[in-house]
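Asks: pasting the structure only:
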Ligand SMILES: O=C(CO)[C@H](O)[C@H](O)COP(=O)(O)O
Ligand SMILES: [Co+2]
């Protein structure tokens with residue numbers, strides 16, 4: 001089921017890592033509701049970013065919804081730590097854990113919303129049986145690991161097919177799209193079925209954030225069917 005109002009979740013990957021507290025405050029001031037944390041371990045993806053201690057420290061001063069995208073091998077080892085750090089939603093990659101059902105069940109059991117991310121080449125069937133228990137499926141529209149990449153065109157078909165799959169099952173799972181999202185494609189992605197768009201480079205490189213957020217919301221609402 002789609003959210004009546006689509007959500008923008010700015011990816012901190014493109015923010016000022018030297019001043020994350022300020023960045024979070026600026027997002028709140030600009031009326032954003034969500035923020036996207038790209039956690040990378042240097043193994044599942046080549047880069048390394050931040051982990052639970054950083055998120056926990058910043059949780060204390062932020063009311064934003066913490067949308068945590070784990071790009072780490074065997075995320076089941078760290079669920080407890082990310083829940084304790086204050087994540088509102090934890091999203092694990094289907095490709096990163098052998099026992100995916102057990103991993104998402106554990107996230108829910110610990111009182112957190114749960115999501116599964118799919119790399120571009122990973123088929124939707126991977127999450128078909130899990131939809132009733134997932135709060136969100138993240139369709140990666142670039143290969144994970146870096147910000148500023150170009151949107152992979154076949155992701156459009158994947159979003160529509162996932163939207164149809166969710167409707168057919170009568171599930172309430174939200175669709176998030178991450179990678180290469182811009183003001184230019186935001187409206188189209190929402191019309192295809194996206195409920196939450198993640199934007200890193202195309203958000204943070206264009207301050208002031210309040211104006212950028214307004215522009216995104218206009219684009220996202222404009223073509224909602
Ligand atoms: O998960 C990610 C990369 O692995 C990021 O969330 C994503 O790439 C956002 O960056 P951009 O909007 O610049 O593409
Ligand atoms: Co991400």
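Replies: Looks like it came in fine. Predicted model only: the values in this text are computed from it and were never measured. Numbers count the residues shown, from 1 in each chain. Ligands and ions are numbered 1, 2, ... in the order given.

Asks: in the sheet, who's paired with residue 35?
Replies: Beta-bridge partners for residue 35, by DSSP bridges, are residue 66.

Asks: so what's residue 201 up against?
Replies: 14, 147-148 (Cβ atoms under 8 Å, 6 or more residues apart in numbering). In this view, the C-beta of every residue, glycine as well, is placed from N, C-alpha and C.

Asks: what does residue 176 give?
Replies: By Cβ under 8 Å, 6+ apart, residue 176 lies in contact with 9, 67, 91, 115, 136-139, 194-198.

Asks: That one falls within a strand, correct?
Replies: Yes - the assignment for residue 176 is a strand, going by DSSP: H, G, I helix; E, B strand; the rest coil.

Asks: what are the bridge partners for it, then?
Replies: According to DSSP bridges, the partner residues bridging residue 176 are residue 138, residue 196.

Asks: how much space between it and residue 131?
Replies: Between residue 176 and residue 131 the distance is 14 Å, computed by Cβ to Cβ, to the nearest Å.

Asks: Overlap in contacts, these two.
Replies: residue 137.

Asks: Where does the prediction get shaky in the protein?
Replies: 1-3, 223-225 (pLDDT under 70).

Asks: hmm, 80 instead?
Replies: For the chain, the stretches with pLDDT under 80 are 1-4, 223-225.

Asks: Residues of it that sit close to ligand 2?
Replies: Residues of the chain lying close to ligand 2 by Cβ under 5 Å from the ion are 38, 69, 178.

Asks: For ligand 2, what's its nearest residue on the chain.
Replies: residue 69 (3.8 Å; Cβ to the ion).

Asks: just checking, what packs against the host helix or strand of that residue?
Replies: Assessed by DSSP states H and E, residue 69 sits inside strand 65-71. Where contact means 3 or more Cβ pairs under 8 Å, 6 or more residues apart in numbering; DSSP states H and E, strand 65-71 is packed against strand 34-40, helix 52-59, strand 89-93, strand 196-199.

Asks: So which residues on this protein come close to ligand 1?
Replies: Residues of the chain lying close to ligand 1 by Cβ under 6 Å from any ligand atom are 11, 13-14, 36, 38, 69, 71, 142, 144-145, 147-149, 178-181, 198-202.

Asks: just the buried members of those residues?
Replies: Neighbour counting over those (16 or more other Cβ atoms under 10 Å) leaves 11, 13-14, 36, 38, 69, 71, 142, 144-145, 147, 178-181, 198-202 as the buried ones.

Asks: now stretch 30-43, how far from the centre of its chain.
Replies: Centroid displacement of stretch 30-43 relative to its chain, using Cα atoms, centre = their mean, to the nearest Å, is 7 Å.

Asks: which parts of that stretch are buried?
Replies: Neighbour-count burial for stretch 30-43 flags 30, 32, 34-41 (criterion: 16+ other Cβ under 10 Å).

Asks: What is the most widely separated pair among the residues you listed?
Replies: The span of the buried residues of stretch 30-43, defined through Cβ to Cβ, is set by 30 and 41 at 30.1 Å.

Asks: and of the helices and strands packed on strand 65-71, who's closest to residue 212?
Replies: Residue 212 sits nearest to strand 196-199 of all the helices and strands packed on strand 65-71, at 8.8 Å, using Cβ to Cβ.
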